[in-house]
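Trainee: how would this look folded up:
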Amino acid sequence: MLEKLPEYLTCATCVYATYPNDDGLIECRRFPPETWVMNDGSIIYTRPQLSPTNGCGEHTHVEDCD
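Mentor: So this is what the prediction gives:
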């Protein structure tokens with residue numbers, strides 16, 4: 001098992017990732033956000049917040065989209 005992913009497979013190099021926020025986490029935009037309807041009727045949209053060193057099987061490298 002890999003202890004650390006190669007940089008070219010991490011969220012930091014993925015086309016679906018946003019720039020890191022103030023906490024250093026990125027937001028994955030690969031799939032539509034989850035929608036939550038609160039008791040008061042308000043709607044909240046959430047997406048996964050990940051470390052730039054994370055990765056997944058849906059990775060698409062930024063350079064592959066040129």
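Trainee: tell me what the helix or strand encompassing residue 45 is packed against?
Mentor: In this structure, residue 45 sits in strand 43-46 according to DSSP states H and E. Counting by 3 or more Cβ pairs under 8 Å, 6 or more residues apart in numbering; DSSP states H and E, the packing neighbours recorded for strand 43-46 are strand 34-37. Bear in mind the C-beta positions are built from the backbone N, C-alpha and C, glycine included.
Trainee: for stretch 24-34, the distance to its chain's centre please.
Mentor: Put simply, stretch 24-34 sits 4 Å off its chain's centre (Cα atoms, centre = their mean, to the nearest Å).
Trainee: pLDDT of that stretch, averaged?
Mentor: For stretch 24-34, the mean pLDDT works out to 94.
Trainee: ok, and what's touching it?
Mentor: Surrounding stretch 24-34, the residues in contact under the criterion Cβ atoms under 8 Å, 6 or more residues apart in numbering are 11-12, 14, 16-21, 45-52, 56, 58.
Trainee: export it to PDB, keeping only CA atoms.
Mentor: What follows is stretch 24-34 as a C-alpha-only set of coordinates in PDB (Å, rounded to 0.1, in the frame of the first residue of the first chain):
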ATOM      1  CA  GLY A  24      -5.800  24.800   3.700                       C
ATOM      2  CA  LEU A  25      -8.600  22.500   2.500                       C
ATOM      3  CA  ILE A  26      -9.900  22.300  -1.000                       C
ATOM      4  CA  GLU A  27     -13.500  21.700  -2.100                       C
ATOM      5  CA  CYS A  28     -14.100  18.800  -4.500                       C
ATOM      6  CA  ARG A  29     -16.500  19.800  -7.300                       C
ATOM      7  CA  ARG A  30     -16.500  16.400  -9.100                       C
ATOM      8  CA  PHE A  31     -20.200  15.800  -8.300                       C
ATOM      9  CA  PRO A  32     -23.200  18.100  -7.600                       C
ATOM     10  CA  PRO A  33     -23.300  19.300  -4.000                       C
ATOM     11  CA  GLU A  34     -25.400  17.500  -1.400                       C
END
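Trainee: any idea how far residue 50 is from the spatially closest residue to residue 26 that is not a sequence neighbour?
Mentor: Excluding its sequence neighbours, the residue lying closest to residue 26 (Cβ to Cβ, 6 or more residues apart in numbering) is residue 17, at 4.4 Å. The gap separating residue 17 from residue 50 is 8 Å, by Cβ to Cβ, to the nearest Å.
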